[in-house]
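>>> Task: produce atomic coordinates for the following.
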Amino acid sequence: MSSLAEQAVDAIHAVAGRHPGHRAAHAKGILVSGRFTAAPEAAALTRAGHMQGEPVDVTARFSNGSGNPNQPDFANDGRGFAVKFYLPDGSRTDIVSLSLPCFFVRTPEDFVKFTRVQKPSPRSGKPRPLRVLGFLLRHREALPAVRGFQAQKPPASYATVVYNSIHSFKWLDADGGERFVRYRWVPEAGEESITKEEAKSRGADYLQDEIRTRLEQGPVRFRLQVRLAADGDAVDDPTKAWPESRETVEVGVLELTGLDTTREQGGDVLVFDPMRVTDGIEPSADPILHFRRAAYDVSVQRRAGVGLADTGKA
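Below you'll find the predicted structure:
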């Protein structure tokens, strides 16, 4: 019998199709490079190496959520932003984020079920509405993410989207203090969306074309914020967004300066894994967060013929 991680990847393929050489989800994306510089406030919250103020290099990837690499950019879809930090000691750590403030399900088993009900009908090529509705009636916790997904408008640029980590992480400072946080990337250019008609007029690859042009004109900047958990906030449930009123601290600036032309070349395998943490940061007990590593292992095996353990520092 296949593992739960294999079932999850199979379910994604059943929705988006199999596309050899591509990620199971977020198949269409573009790599960029730059530097991250932590603010002084960061070191007061965590002893993590990339949060001490010394600029560190990064590789980042903007993406669309679908597992179909041929899906046009104007399709209604979540957007992803993953950042890999190259720490001073030679290690690496990742932040993986989405354009939604929360997730659809809270367990791996429910992720498989939710993905399966979205399998397109052979006749219509679209999900069967009653199956999706049935799942939502049994899983009301999915409704906030579904509403957020439906309310999204096409972004004007990957650089004008707010990206959220959806998962919680424990930050530990040099004195042993600890706080649970959630990450948020805020674009310096501000949030901006366009109409579906305008997005279609810009072409199937308009987001990739736009970010290339934008980077040619100058750096793209995001400010990294952490929202601090208060008593009673769900730190292990990605379906529950924390209130906007929670204390938020700006902990650094990311400056993207150009396309990345070194990674994913000549057999290089690049994996962004939210479970790849470093000293000073610990994952919460969120089941979806921990499951992602197993699912990524299956995906990268099928994409590149190697497992996460064989990708080195990735």
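
>>> Tell me where the stretch 51-200 of the chain has helices.
108-116, 129-138, 143-151, 196-202 (DSSP state H, counting those that start in this stretch).

>>> So which residues make contact with the helix ranked longest in the chain?
With secondary structure taken from DSSP state H, the chain has its longest helix at helix 287-304. Contact partners of helix 287-304, identified using CB atoms under 8 Å, 6 or more residues apart in numbering, comprise 3-6, 8-9, 20-25, 96, 103, 105-108, 111, 167, 236, 238, 267, 269, 271, 273-275, 283, 306-309, 311. C-betas here are computed from N, CA, C, even on glycine.

>>> what inclination does that helix have with respect to helix 108-116?
Interaxial angle, helix 287-304 versus helix 108-116 (axes from the mean of the first three to the mean of the last three CA atoms, to 10 degrees): 60 degrees.

>>> what about helix 287-304, average pLDDT?
Throughout helix 287-304, pLDDT has a mean value of 94.

>>> Could you report the separation of His22 from Asp110?
Distance, His22 to Asp110, using CB to CB, to the nearest Å: 25 Å.

>>> Compute the number of surrounding residues for the residue nearest to Thr107 when sequence neighbours are not counted.
Sequence neighbours aside, Pro287 is the residue nearest to Thr107 in space, at 5.2 Å (criterion: CB to CB, 6 or more residues apart in numbering). Using other CB atoms under 10 Å, the number of residues around Pro287 comes to 18.

>>> in stretch 160-175, what's buried?
By neighbour count with 16 or more other CB atoms under 10 Å, stretch 160-175 contains the buried residues 160-173.

>>> my bad, should have said stretch 242-257
The neighbour-count check on stretch 242-257 (16+ other CB under 10 Å) flags Trp242, Thr248, Val249, Val251, Gly252, Val253, Leu254, Glu255, Leu256 as buried.

>>> Export those residues as CSV, with columns for pLDDT, distance to Asn64 and secondary structure.
Shown next, in CSV, are the buried residues of stretch 242-257 (pLDDT from 0 to 100; distance: CB to CB, whole Å; DSSP: H, G, I helix; E, B strand; the rest coil):
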residue, pLDDT, distance to Asn64, secondary structure
Trp242, 97, 26, coil
Thr248, 98, 27, strand
Val249, 99, 30, strand
Val251, 99, 27, strand
Gly252, 99, 26, strand
Val253, 99, 25, strand
Leu254, 99, 20, strand
Glu255, 99, 23, strand
Leu256, 99, 18, strand
